[in-house]
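Asker: from the sequence below, what's the structure:
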Amino acid sequence: MIEPASHLAISYYRYGEPLDVLRLTRKRSASPGRGQLAVRMLARPINPSDLIPVRGAYAHRIALPAIAGYEGVGIVEAVGEDVPSSWLGMRVLPLRGEGTWQDVVLSPACWAVRIPSLLSDEEACQLYINPVTAWLLLTERLRLAPGALLLLNAGASSFARTAAQLAQELGIRLVCILRGSKPGEQALHKLKLREQELLQLGAWQTIISGDGLELEQELCSWNGGLGADAAIDCVGGAEAARLLSYVRCGGQAVSIGLLSGKPFTGYAEAQRRRLHYSSFHLRHWLATVSPAEWQLVFARLNELICSRRLVLPAVAASYPLSRFQDALREQAQPGRAGKLLLT
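Answerer: Predicted coordinates:
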């Protein structure tokens, strides 16, 4: 008797810390259905957003068991009914289908993004979460005029690198705040290197927060003492409240993450100062966007990357799926430079 085909997948059957609940499993391989592609994966980045659902933040809308991973690049190896055979052999991002931390992903063809030959696998696999989020925030949510002053915390993140380049492209003065409360000499050196990198990429200014440095003094010299026009918060908790205190009355603030693990509690103060405060999640945009609009966003980002006006993070290390636990341990180390990939 011939055994049904199967492939490796990183699955979770309960919520918790990723190292505790993620498991290397074998999944029965299925043929693509109507309108679907089967994509043999080549590379997938490890993002903080990949691990948030594993910890249970979205338990109300995720059915277990589930497969981890939101983005990655691969080669189309089979097509379903109503999908042209011309897709076969194409390199694509198989998005809005199954979790990407597996060997083969089934994805709707209408949402799959074709990758230009100029982009490497290492670049292509990072094209979704951070670039699309940053692009939509700057062009659709905030809609800041050229010259506007924008604050962003979590300045050491990959998202900050992407936002710095896109802000420069749009003429926005981006100030990246790097967390450094009483850092040691080695940690401070790494922060200084990241500062230099952000400035080279297009950030207007950088600030190492903490250790006696006061952002208010800098703002007084930058924006006539009025405060920033807008802020993007990636951290939450007390840091979010502090960030919003630097935004002018009537300005904008958007929350896109909770790296601190603590929710924002400054709604009353934001309302008192008439701040336009909101949260942004890609899923809300996904619920309303058409396939044509979706493809236009990726076409614009591909253009920026191919012309080297947007450079995605270098890869620090690559791990096979079977060594995902080693990759997660390295991901948890502070001060790491570059992306980690599962290949």
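
Asker: what about the residue nearest the centre of the chain, which helix or strand?
Answerer: Closest to where the C-alpha atoms of the chain average out (CA atoms, centre = their mean) is Asn130, at 3.1 Å. Using DSSP states H and E, the element containing Asn130 is helix 129-136.

Asker: what sits up against that helix?
Answerer: For helix 129-136, the surrounding residues in contact (CB atoms under 8 Å, 6 or more residues apart in numbering) are 47, 49, 70-71, 158-159, 162-163, 166, 256, 280, 282, 285, 297-298, 300-301, 310, 312. C-betas here are computed from N, CA, C, even on glycine.

Asker: Ala240 against Ala270, yeah?
Answerer: No - in this structure Ala240 lies outside contact range of Ala270 using CB atoms under 8 Å: 9.7 Å.

Asker: ok, the two, which is more surrounded?
Answerer: Between Ala240 and Ala270, counting by other CB atoms under 10 Å, Ala240 is the more crowded of the two (26 against 19).

Asker: any low-confidence regions in this structure?
Answerer: Applying pLDDT under 70 to the chain flags the ranges 1-4, 180-187, 210-216, 219-220, 260-261, 335.

Asker: tell me the domain ranges of it?
Answerer: Split into domains by automatic domain parsing, the chain comes to 6-127+312-342, 129-283.

Asker: show me where the stretch 51-200 of the chain has helices.
Answerer: For the stretch 51-200 of the chain, the helices defined by DSSP state H, counting those that start in this stretch occupy 121-124, 129-136, 158-170, 185-201.

Asker: in contact with the closest residue to Leu51 other than its chain neighbours, which residues?
Answerer: Distance criterion CB to CB, 6 or more residues apart in numbering; nearest residue to Leu51, sequence neighbours excluded, is Pro18 at 5.1 Å. Residues near Pro18 by CB under 8 Å, 6+ apart: 12, 51, 54-55, 68, 328.

Asker: please, a ChimeraX command that selects the buried ones among the contacts of helix 129-136?
Answerer: In ChimeraX syntax, the buried subset of the contacts of helix 129-136 is picked out as below (16 or more other CB atoms under 10 Å):
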select :47,49,70,71,158,159,162,163,166,256,280,282,285,297,298,301,310,312
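
Asker: surely Val73 and Leu95 touch.
Answerer: No - applying CB under 8 Å, one finds Val73 not in contact with Leu95, separated by 10.2 Å.

Asker: show me which of these two is the more surrounded one.
Answerer: Neighbours of Val73 and Leu95, each counted by other CB under 10 Å, are more numerous for Val73; the result is 27 against 23.

Asker: what is the burial count for Val315?
Answerer: Residues lying near Val315 (other CB under 10 Å) number 19.

Asker: now do Gly225
Answerer: 10.

Asker: ok so, going back, will you turn the contacts of Pro18 into JSON lines that also has distance to Ala109 and neighbour count?
Answerer: Below are the contacts of Pro18 laid out as JSON lines (distance: CB to CB, whole Å; neighbours: other CB atoms under 10 Å):
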{"residue": "Tyr12", "distance to Ala109": "27", "neighbour count": "23"}
{"residue": "Leu51", "distance to Ala109": "28", "neighbour count": "19"}
{"residue": "Val54", "distance to Ala109": "28", "neighbour count": "24"}
{"residue": "Arg55", "distance to Ala109": "32", "neighbour count": "16"}
{"residue": "Ala68", "distance to Ala109": "23", "neighbour count": "23"}
{"residue": "Leu328", "distance to Ala109": "32", "neighbour count": "21"}
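
Asker: JSON lines please, covering the residues you listed and showing distance to Gly236.
Answerer: Shown next, in JSON lines, are the contacts of Pro18 (distance: CB to CB, whole Å):
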{"residue": "Tyr12", "distance to Gly236": "23"}
{"residue": "Leu51", "distance to Gly236": "16"}
{"residue": "Val54", "distance to Gly236": "18"}
{"residue": "Arg55", "distance to Gly236": "14"}
{"residue": "Ala68", "distance to Gly236": "22"}
{"residue": "Leu328", "distance to Gly236": "22"}
